[in-house]
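**Student:** Kindly return the folded structure for what I paste below:
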Amino acid sequence: MSSRRVTVFGGTGFLGRRIVRRLRDADFAVCTASRHRDRARSLFSGDVSGIDTIRADVNDDGSVASAVSGAWAVVNAVSLYVEHGPCTFQSVHVEAAQRVAMLARQAGVETLVHISGIGADAGSASRYIRSRGRGEAAVLDAFPSAKLIRPAVMFGPGDAFLTPLLTWLRHMPVFPMFGSGKTRLQPAYVEDVAEAIVRVLRAPATRQLYELAGPRVYTYQELLRTIAAGAGTRPFLVPFPFSLWHVIGFVSETLPSPPITRNQVELMGQDNILERDAPGFEALQISPQAIENILPQMLQTAREKAEA
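**Tutor:** Numbers count the residues shown, from 1 in each chain. Okay, here's the model as predicted:
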C-alpha cells in the first residue's frame, strides 16, 4: 500500500465512492471525508483495507483542516443538484470548494483535484452553471496548481439520470420530452470518470484542465429512443414546452423530495457536450464506454432493485 494518502471529499456520492475504490485498487491510501461517517463505513464495509473514514463537513474550517492534514492529495467530489436550506449552489460549489482548496494548500497538499462540470461558466444565467464557474475560479485563486475535471452528465448503475429514464420509459406509453428533444448530450460513464481522476493523480504534472465526455453525442430524443430500445419498449415521445416544465418544476420544489426542479429544467435546455479544445479521456489513454454497452448492466440492476 502506498504511503501517499488521498483525502476524498464527497467520497460516498455517486462518483465519489467509485473514485475511492479505484484509488484503493491503485494502491493509494484513501481517506473518505464525509458528514455521514456511519454511511461511509457501511458503504465500504467490505473494503476496509486501505480505506479510512472520517467525519468532515466542507462548511467547517476545523473539520476540513483535520481531513486534509497529512494528505498527499485531495479530491473534492462534493456537488449539489437541489438546493435545500443553507445548502445552496453558492455555499457548496463556491464557498466550500474555496475552503477545501485554501486549507489543502495551507496543509502542504501536493495535488488538488476539483470536480466541476462541462459548461461551467461564471457568467451563465443558470445559477447552477454560474456557481460551477465561480467555484473553479475560487479554487484556482486558493490553489493555483489545482487540476480541474469537468465531466459531462454521468451515467451508470444507480445514477440519477438514466435510471429514472429507464423506469419511466418502461412504464409510460406516452413520454413528454423536454422541449422538442433537440438538446444535445454527451454522457460519460461514471467508472471512466473515476479512472480518469486516478490517472491524473498518478501523473500530477500533466495538464490542468480535463473535459470528460462519452464517445457519442445524442439529441435528447435520440437518447430516449436508445434507452427505450435497450429496455425493449417503444413509447410515443411528445414534445412538451420548457415553459410548462418550469411550472412543473416550481410546483415540484414544494415537495420534500422533488422529482424535478427548475434548475434541472434549465440544464436540460442547454447542450452538455464538449465544445473546447481541452484534453479529455484520450489524453489519459482511456477509451470511454458508450451507453449501449452499459445499458444491460443498468437494466439488470434496476430489475434487482425492483424485485428486492
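
**Student:** What residues are bridge-paired with the closest residue to Q289 other than its chain neighbours?
**Tutor:** Spatially, and ignoring its direct neighbours in sequence, Q289 is nearest to Y189 (4.2 Å; Cβ to Cβ, 6 or more residues apart in numbering). Every residue, glycine included, has its C-beta placed from N, CA and C. According to DSSP bridges, the partner residues bridging Y189 are F155.

**Student:** check contacts around Y189.
**Tutor:** Y189 sits next to 154-156, 214, 288-289, 291, 294 when contact means Cβ atoms under 8 Å, 6 or more residues apart in numbering.

**Student:** run the last query once more with 7 Å
**Tutor:** Contacts for Y189 (Cβ atoms under 7 Å, 6 or more residues apart in numbering) come out as 155-156, 214, 288-289, 294.

**Student:** quick one: it and D271, what's the gap?
**Tutor:** Applying Cβ to Cβ, to the nearest Å, one obtains 19 Å for the distance of Y189 from D271.

**Student:** and if you look at D141?
**Tutor:** 28 Å.

**Student:** what's the answer for I115, then?
**Tutor:** Here I115 is placed at a distance of 20 Å from D271 (Cβ to Cβ).

**Student:** what about these two, which has more around it?
**Tutor:** Comparing I115 with D271 by other Cβ atoms under 10 Å, the one with more neighbours is I115, at 26 against 16.

**Student:** which phi and psi does that one have?
**Tutor:** Its backbone dihedrals place I115 at phi -90, psi 120, with angles given as degrees, to the nearest 10.

**Student:** ditto for I260
**Tutor:** phi -150, psi 150.

**Student:** Just list the residues touching it, thanks.
**Tutor:** With Cβ under 7 Å, 6+ apart as the criterion, the residues that contact I260 are 248-249, 252.

**Student:** about what we covered before: put together CSV for the contacts of Y189, with distance to A228 on each row.
**Tutor:** Listed next are the contacts of Y189 as CSV, based on distance: Cβ to Cβ, whole Å:
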residue, distance to A228
F155, 15
G156, 19
G214, 18
P288, 22
Q289, 20
I294, 16
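
**Student:** Give me the distance from stretch 169-188 to the chain's centre.
**Tutor:** Taking Cα atoms, centre = their mean, to the nearest Å, one finds the center of stretch 169-188 at 20 Å from the center of the full chain.

**Student:** what sits up against that stretch?
**Tutor:** With contact meaning Cβ under 7 Å, 6+ apart, stretch 169-188 is reached by 151-155, 168, 212-214, 217-221, 223-224, 227-228, 231, 233, 235-242, 245, 268-274, 288, 291.

**Student:** Stretch 132-142 too?
**Tutor:** Residues outside stretch 132-142 that contact it (Cβ under 7 Å, 6+ apart) are 93-94, 97-98, 101-102, 105, 114, 116-117, 120-122, 124, 146, 148.

**Student:** do the same with stretch 113-130
**Tutor:** Here stretch 113-130 makes contact (Cβ under 7 Å, 6+ apart) with 15, 75-77, 79, 89, 97, 101, 132-137, 139, 146-152, 197, 200-201, 211, 213, 263, 266-267, 270, 272, 274.

**Student:** Would you write out the PyMOL command that picks the buried residues out of those residues?
**Tutor:** The buried subset of the contacts of stretch 113-130, as determined by 16 or more other Cβ atoms under 10 Å, is captured in PyMOL by this line:
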select buried, resi 15+75+76+77+79+89+97+101+132+133+134+135+136+139+146+147+148+149+150+151+152+197+200+201+211+213+263+266+267+272+274
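
**Student:** Can you flag which of the contacts of stretch 113-130 belong to strands?
**Tutor:** Among these, the members falling in strands are 75-76, 147-151, 211 (criterion: DSSP state E).

**Student:** Compile those residues into a markdown table and extend it with columns for distance to L23.
**Tutor:** Compiled in a markdown table, those are given as follows (distance: Cβ to Cβ, whole Å):
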| residue | distance to L23 |
| --- | --- |
| V75 | 8 |
| N76 | 14 |
| K147 | 14 |
| L148 | 18 |
| I149 | 14 |
| R150 | 20 |
| P151 | 17 |
| E211 | 21 |
